[in-house]
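Engineer: any chance you can model this:
(4 chains)
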2 protein chains.
Amino acid sequence: MCVRIIIADDHQLLIDGLVGVLNEAEGISILPSANNGRQLLAQLKETSADLVILDLNMPELDGIKTLEVLRSQYPEIKILVLTNYNQPQLMEEIKRLGAHGYLLKNTAADVLKSAIYKVISGELVFNEYIEPTEGDNHFFVDDFMKKFQLTRREVEIIRMVAQGNTSKEIGEQLFVSEFTVTTHRRNIMRKLDVKNLAGLLTFARAHGFLVET
Amino acid sequence: MCVRIIIADDHQLLIDGLVGVLNEAEGISILPSANNGRQLLAQLKETSADLVILDLNMPELDGIKTLEVLRSQYPEIKILVLTNYNQPQLMEEIKRLGAHGYLLKNTAADVLKSAIYKVISGELVFNEYIEPTEGDNHFFVDDFMKKFQLTRREVEIIRMVAQGNTSKEIGEQLFVSEFTVTTHRRNIMRKLDVKNLAGLLTFARAHGFLVET
DNA sequence: TAACAAATACCTACTTCTGAGTATTGATCG
DNA sequence: CGATCAATACTCAGAAGTAGGTATTTGTTA
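Structural biologist: Next comes the predicted model:
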């Protein structure tokens, strides 16, 4: 008895990694991999499989759509979603759509292996949402501050703005006048050279300032 | 002559993959890997290396800070940055900070290998920014539309809003009145149940609607 | 064909943001 | 001590967004 696995992921390096890791494992055989959903489905018409390791963010045919097709056309195939998106809502959605497991890409190889065995034996593997650690959130922030000469207060306000607060609300929360917040905002816009809120948010995000894991 | 490489990445699966791929390559030996910048620096005190493969988004000590330390303390070590961030500004920044190469994680294994050889022989490897393909952007969009009953026009407008356009500008680009755009925006806010622009953007992003690679 | 959804367009009223100018206080640093 | 920066606070004016209502046209579908 050998579990036949197909991997669908647009990151070839990750596929190579998985293949290397899983090939050594007991009772697992890896079928040729796919780089998007379309390739995966084409492949399933040729060879059948027991389990699909599925990335969500793929070109051509993305993971969610692929998942739906798999569930309706190949209900007997187990699906293990492997993604970078650490969002509880998304995990719930994936669970609802009938996947059998949801793992993050920073999972250790042996956790992945045991997840595979669990899923094959009928268990579901949906881990708890992991709060991003302090370290993660620091990421580029210091760099960001240095580069654009932002002060600590300004960084704080960018965060609150991004969370949908108005200047008045921010003022109330920080116990300062809304005019003060407005002044800070103006300075931020000038320093970052953006002309409106959307620009500010996009910019902050593009520079790794607001990171979602 | 063997190139000694240390990999620093918090994604253990990727490390395993790299090790598997590179171990087979000619003239490359992989030293024990690190899961963050701090570990990497600790390791360099013990063993020296010729090249470091560096992820940017790591806990404890992120890639940029690690890069700076490496350049000042170990100027003879080559640095190949391997990341998911497909942003020209970031790549420029990394280049400026003295790295020798910048690759995306969806690179094929042999491209990575040849990049390693190039960097070791003194070349810099900074590829062009790759425009995300249509396929990439589709990602969750259809799902998003279905879930929140958004129309095609509304989705189009969310995108343009996110890019920092005002209603008037959007109207001009779509050859419709700014009032029409305003109406669409109002409907979008109602459907998504958010109260302002920041909320809209945050929401759209949290649901994978606006993906940056 | 009747019903409906989608896209279009306008109005009024109010809130919020943006840009420009000005000023005070406290901390830090040479 | 004097200079500078960060944080605070205010005013005025104009631009943009938000909330409500209403209405026409077009295309699709029951």
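
Engineer: make it CA atoms for all contacts and neighbour counts henceforth
Structural biologist: Will do.

Engineer: and the residue nearest to residue A:124 when sequence neighbours are not counted, what is it in contact with?
Structural biologist: Distance criterion C-alpha to C-alpha, 6 or more residues apart in numbering or on different chains; nearest residue to residue A:124, sequence neighbours excluded, is residue A:100 at 5.0 Å. When contacts are counted by C-alpha atoms under 8 Å, 6 or more residues apart in numbering or on different chains, residue A:100 touches A:78, A:79, A:80, A:81, A:119, A:123, A:124, A:125, A:126.

Engineer: any chance of JSON lines for these, columns secondary structure, neighbour count and pLDDT?
Structural biologist: Formatted as JSON lines, the contacts of residue A:100 follow (DSSP: H, G, I helix; E, B strand; the rest coil; neighbours: other C-alpha atoms under 10 Å in any protein chain shown; pLDDT from 0 to 100):
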{"residue": "A:78", "secondary structure": "strand", "neighbour count": "25", "pLDDT": "91"}
{"residue": "A:79", "secondary structure": "strand", "neighbour count": "26", "pLDDT": "91"}
{"residue": "A:80", "secondary structure": "strand", "neighbour count": "26", "pLDDT": "91"}
{"residue": "A:81", "secondary structure": "strand", "neighbour count": "26", "pLDDT": "88"}
{"residue": "A:119", "secondary structure": "helix", "neighbour count": "19", "pLDDT": "88"}
{"residue": "A:123", "secondary structure": "coil", "neighbour count": "13", "pLDDT": "83"}
{"residue": "A:124", "secondary structure": "coil", "neighbour count": "19", "pLDDT": "86"}
{"residue": "A:125", "secondary structure": "strand", "neighbour count": "19", "pLDDT": "83"}
{"residue": "A:126", "secondary structure": "strand", "neighbour count": "18", "pLDDT": "82"}
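
Engineer: between the residues you listed, which is closest to residue B:48?
Structural biologist: Sorting these by how near they are to residue B:48, with C-alpha to C-alpha, puts residue A:81 at the top with 38.1 Å.

Engineer: what bridges to that closest one?
Structural biologist: Here residue A:81 sits in beta bridges with residue A:54, residue A:102, going by DSSP bridges.

Engineer: from residue B:155, how far out is it?
Structural biologist: For residue A:81, the distance to residue B:155 (C-alpha to C-alpha, to the nearest Å) stands at 27 Å.

Engineer: try residue A:199
Structural biologist: Residue A:199 is 18 Å from residue B:155, where distance means C-alpha to C-alpha.

Engineer: mind putting the contacts of residue A:100 into CSV with distance to DNA strand C?
Structural biologist: CSV is the format used below for the contacts of residue A:100 (distance: C-alpha to the nearest atom of the strand, whole Å):
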residue, distance to DNA strand C
A:78, 34
A:79, 32
A:80, 33
A:81, 31
A:119, 38
A:123, 39
A:124, 36
A:125, 36
A:126, 34
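
Engineer: I'd like to know which of those residues is nearest to residue B:184.
Structural biologist: Closest approach to residue B:184 among the contacts of residue A:100 (C-alpha to C-alpha): residue A:81, at 35.0 Å.

Engineer: pretty sure that closest one sits against residue A:98.
Structural biologist: No: if you go by C-alpha atoms under 8 Å, residue A:81 and residue A:98 don't touch, sitting 10.7 Å apart.

Engineer: and the residue of chain A that's closest to chain B?
Structural biologist: In chain A, the residue found nearest to chain B is residue A:17; the distance is 2.7 Å by C-alpha to the nearest C-alpha.

Engineer: residue A:164 versus the nearest residue to residue A:162 once chain neighbours are set aside, what's the distance?
Structural biologist: Nearest residue to residue A:162, sequence neighbours excluded (C-alpha to C-alpha, 6+ apart): residue B:198, at 5.6 Å. According to C-alpha to C-alpha, residue B:198 and residue A:164 sit 5 Å apart.

Engineer: for residue A:125, same thing?
Structural biologist: Taking C-alpha to C-alpha, one finds residue A:125 at 34 Å from residue A:164.

Engineer: likewise residue A:29?
Structural biologist: 49 Å.

Engineer: how about the secondary structure of residue A:150?
Structural biologist: coil (DSSP: H, G, I helix; E, B strand; the rest coil).

Engineer: got the phi/psi numbers for residue A:52?
Structural biologist: Torsion angles at residue A:52 (phi, psi; degrees, to the nearest 10) stand at phi -120, psi 130.

Engineer: hang on, it packs against residue A:3?
Structural biologist: No: using C-alpha under 8 Å, residue A:52 is not in contact with residue A:3; the gap is 10.5 Å.

Engineer: higher neighbour count, these two?
Structural biologist: Higher neighbour count among residue A:52 and residue A:3: residue A:52, with 24 against 16, using other C-alpha atoms under 10 Å in any protein chain shown.

Engineer: circling back: list the residues that contact the residue nearest to residue A:162.
Structural biologist: Counted by C-alpha under 8 Å, 6+ apart, residue B:198 has contacts A:161, A:162, A:163, A:164, A:165, A:197, A:198, A:201.

Engineer: the lengthiest helix in chain A near DNA strand D at all?
Structural biologist: Counting by DSSP state H, the longest helix found in chain A is helix A:178-192. Yes: judged by C-alpha under 7 Å from any atom of the strand, helix A:178-192 comes into contact with DNA strand D through A:178, A:179, A:180, A:181, A:183, A:184.

Engineer: the residues you listed, buried ones only, as a PyMOL selection?
Structural biologist: Command for PyMOL, covering only those of the residues of helix A:178-192 next to DNA strand D found buried under the criterion 16 or more other C-alpha atoms under 10 Å in any protein chain shown:
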select buried, chain A and resi 178+181+184
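
Engineer: including distance to residue B:43, could the residues of helix A:178-192 next to DNA strand D go into JSON lines?
Structural biologist: Shown next, in JSON lines, are the residues of helix A:178-192 next to DNA strand D (distance: C-alpha to C-alpha, whole Å):
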{"residue": "A:178", "distance to residue B:43": "50"}
{"residue": "A:179", "distance to residue B:43": "50"}
{"residue": "A:180", "distance to residue B:43": "47"}
{"residue": "A:181", "distance to residue B:43": "45"}
{"residue": "A:183", "distance to residue B:43": "47"}
{"residue": "A:184", "distance to residue B:43": "43"}
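
Engineer: tell me the one among the residues of helix A:178-192 next to DNA strand D nearest to residue A:21.
Structural biologist: residue A:184 (51.1 Å).

Engineer: noted, bye for now.
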